[in-house]
Structures are given as C-alpha cells and as structure tokens.
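In: the amino acid sequence is not available; the structure is as follows:
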C-alpha cells in the first residue's frame, strides 16, 4: 500500500494547515512524500499525478500551484500487482490578504482628522480567509482590530497608523501605513473694538463703533466665526458690525470652529452703548442785568460753562465769541462794548458731539452820565464858583444809554455817600 505525507509535517507545517470544515488549505512551502510497502515480492514503483499526467515518484515533490490541487497516486509490486489509485484533494493559498483603511467621520484635506474621527479597516483574502488583523499607532504595540479604531489616547499632532492582516495559513500582508494629523486644538478667537471707545466703569462705545472678530487655528484652519448679540440668535460673522444703537449694556458673544469641527468656547465682550450727547449750559456771574429780552453784563462779568455727561463722561468743552475759532473752555469774560454771541458745546469720551448752542449778551461798560441842576440861576460868583442864595434847591439826575440808572449817590464836602431820592435844600449845609 502507498501512503502520502507532507514533508512539512513539522510544527511549521501544522501552523500552515487550515480546514474550514469542507476544504483543507495549505500555505507556502508545501511538499509531499510518497512511501509504499509490500509484504511478499516487494514494491516495484510508485506513480503519482498532481494536476496532470502520471509519473514515477522518486523524491519529495514541492506543490507550487495556488488554488485547488488533487494528488493521485498508486504503487505496484515486483510481480505486477498494482493497488487501486488513491487521491487527496487540497487547496494551496500562497497569497497574503489585502487590507485597506477608511476614515470614518471628520477629515479635512485628506489627512487632518478630528478627535471624534475613527478608522475602519477592511480586509479580503481569496482562499483560506482572514485569521486576524492588527494595527498600531506610531511606535506603540500591535493591537487586534475591532471596529472602529478611535484616537482618544493620541495627542495633538502628527501620527501614523500601521496595519496588516494574516490569513489562516499564515500568509502575512505587507504592513501598510497612513500618516495623519490629529487636530485637537480649538481656534483662538479675538475681538477688537474699532473706532469710538472709552474704558471706564464699562467699555463705552458709540453708534459709530464697529466690532471686528478674528480667529486663528493651529492646523486645520478656521471654518467659521460665529457671533451673537444680547439675546439674539447666533449668526455667521462675515465683516465688522455695529453694536445695537440702544442706550445701555450689550453682550457680544463669539466663538469659532475649525475645519475638523473643533469648536472654541464662547467668549463675551461687554460694552456700553452711549448714544447720548453731553449737555452744556452757560451761567453768567455778577454784575448782570436782564431787561425785557436782553441780558446785560460787563467785561468783568465771569462766564461759566456747566457741562455733564451721564455715561462715558466729558472729553472736552469749547467756546467761541462772535464766530471766532473755538477755544478749550476755562472761565472767561466777554470783552468789548455791545452785542455779542457766545457759541459753546461739549464732546464726550466716545465722541458724541453736542449740537452747538448760542447765548447772546450785551456788554455795557459805559457808566451813567450825571447831571446837576439848581432851582434858580446863580446870583453871582465867588472864588470862581457859582453863588446861590440859601433857599436854592439842588436837583441830581442821571441817564444811561443801555441799562438805565439803578441809583444815584452823592456826597457833599466829604461826607459819606448817600442815595439821592429828592431835590436837596442847601440851607442847612
């Protein structure tokens, strides 16, 4: 009888043999030997056929054909007795599996991935089937693959995924690799107040102020900046925008997302909309006199401007007299006799410019003119002065071209001044 056996019946051979329940598979390096014995006349020869015609067996035969193989063999003794032909069917698998990866989730520019991204490995084998698939990151140890591979334990930066598969008869695929960048860092977002602004109890702005938002990202790049004002919904930021023109505090929230969906936390810019002009008033000191619709003062009358701003505060106050260029405010007087016009206004710290105001005054620097009359004509002269009898009466009067006469004071022979009210009799003087 003739027997066949594999010359690879060692441990290596055993590891390269696989039976799926219906087909026996062998891997690379498969050889077979045939042996025969006859208890009477002895074995004359052994014939075999491997996927072709029969030939005489003489030594170990290598099986190099991948796929299905059938071995036929028999032996004959020295008196021509031949045994029935025997056969052995098997499949040789010489090809390694084929493996590929796919990115599951967010990827940008083919190689930049998000923290939530996973890897899926797919493998195929044409004959014995897949025994196992292993993968590793960078210089880490191999791990058995199970769907899907996450990147939770990796740091931000460049990494490499390695993977390969082995089939059931130990054909091992060439290790494949995929270089990628894991972007775990959110964008950095900044806000800039452009134009009118003043830092006080709040950051004060005006209706002319604009808000600029900018963002940068370490790798994937900024996909979008978002903005939200007060209780309004979130909108895409595209260009500088204004704060709502409503007096009071406003909250501007902003954030950005990069191209692998790393979303920055909300930032908040708090501003105070000051859309009110300052208020300035004018106060005239003494002396002054108001008659009908005209205010009379002198060139010695101090003029004071009173200003206030309830929010960002006063930046500057200025005034001008009779259309002259304005000057920074400090208490002043109005020179020159006659009608004058004083213009004035204030600007607050966010450049709200008060509408110019005007105040009209008349400067009266000319004193009244005094007249003295007597009840009778002089009766002569003495020492160069008019001479009057003792029953004469003296009358004092005064005229003023603008404000009129308030009082007339007189003194005779160095006596204290007295207010004149009626004609004076000089008999007792």
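Out: Looks like it arrived, so ask away. This structure is a prediction, so every number in the text was calculated from the model and none was measured.

In: helix/strand/coil for the spatially most central residue of the chain?
Out: Among the residues of the chain, the one closest to the centroid is residue 189, at 2.5 Å (CA atoms, centre = their mean). With DSSP: H, G, I helix; E, B strand; the rest coil as the basis, residue 189 sits in strand.

In: so what would you say the end-to-end distance of stretch 138-153 is?
Out: The straight-line separation of the ends of stretch 138-153 (CA to CA, to the nearest Å) is 12 Å.

In: enumerate the positions of it that are buried.
Out: 145, 149, 151 (16 or more other CB atoms under 10 Å). In this view, the C-beta of every residue, glycine as well, is placed from N, C-alpha and C.

In: which one of those residues is nearest residue 288?
Out: Taking CB to CB as the measure, residue 288 lies nearest residue 151 of the buried residues of stretch 138-153, at 84.6 Å.

In: circling back: quickly list what the residue nearest to the centre of the chain is bridged to.
Out: residue 215 (DSSP bridges).

In: likewise the one 5 residues further on?
Out: Beta-bridge partners recorded for residue 194 (DSSP bridges): residue 210.

In: and it, what is it in contact with?
Out: Contacts for residue 194 (CB atoms under 8 Å, 6 or more residues apart in numbering) come out as 209, 210, 211, 212, 240.

In: need the pLDDT of the residue nearest to the centre of the chain.
Out: Here the pLDDT value assigned to residue 189 is 98.

In: the one 3 residues further on now?
Out: At residue 192 the predicted local confidence, pLDDT, stands at 98.

In: now do residue 6
Out: pLDDT, read off for residue 6, is 41.

In: now swap in the one 5 residues further on and tell me
Out: At residue 11, the model reports a pLDDT of 35.

In: equivalent analysis for the one 10 residues further on, please.
Out: Predicted confidence (pLDDT) at residue 21: the value is 91.

In: likewise for residue 429?
Out: The model reports residue 429 with a pLDDT of 54.

In: one more: residue 209?
Out: If you check residue 209, the pLDDT there is 98.

In: any buried residues in stretch 251-266, and which?
Out: For stretch 251-266, the buried set under the neighbour-count rule, 16+ other CB under 10 Å, comprises 252, 254, 255, 256, 257, 258, 259, 260, 261, 262, 264.

In: could you do stretch 315-333 as well?
Out: Buried residues in stretch 315-333, counting neighbours by 16+ other CB under 10 Å, are found at 315, 316, 317, 318, 319, 320, 321, 326, 329.

In: which elements pack onto the helix or strand hosting the first one?
Out: Looking back up the chat, that one is residue 315. For residue 315, the element it lies in under DSSP states H and E is strand 314-321. Here strand 314-321 touches strand 303-308, strand 327-328, strand 338-348, going by 3 or more CB pairs under 8 Å, 6 or more residues apart in numbering; DSSP states H and E.
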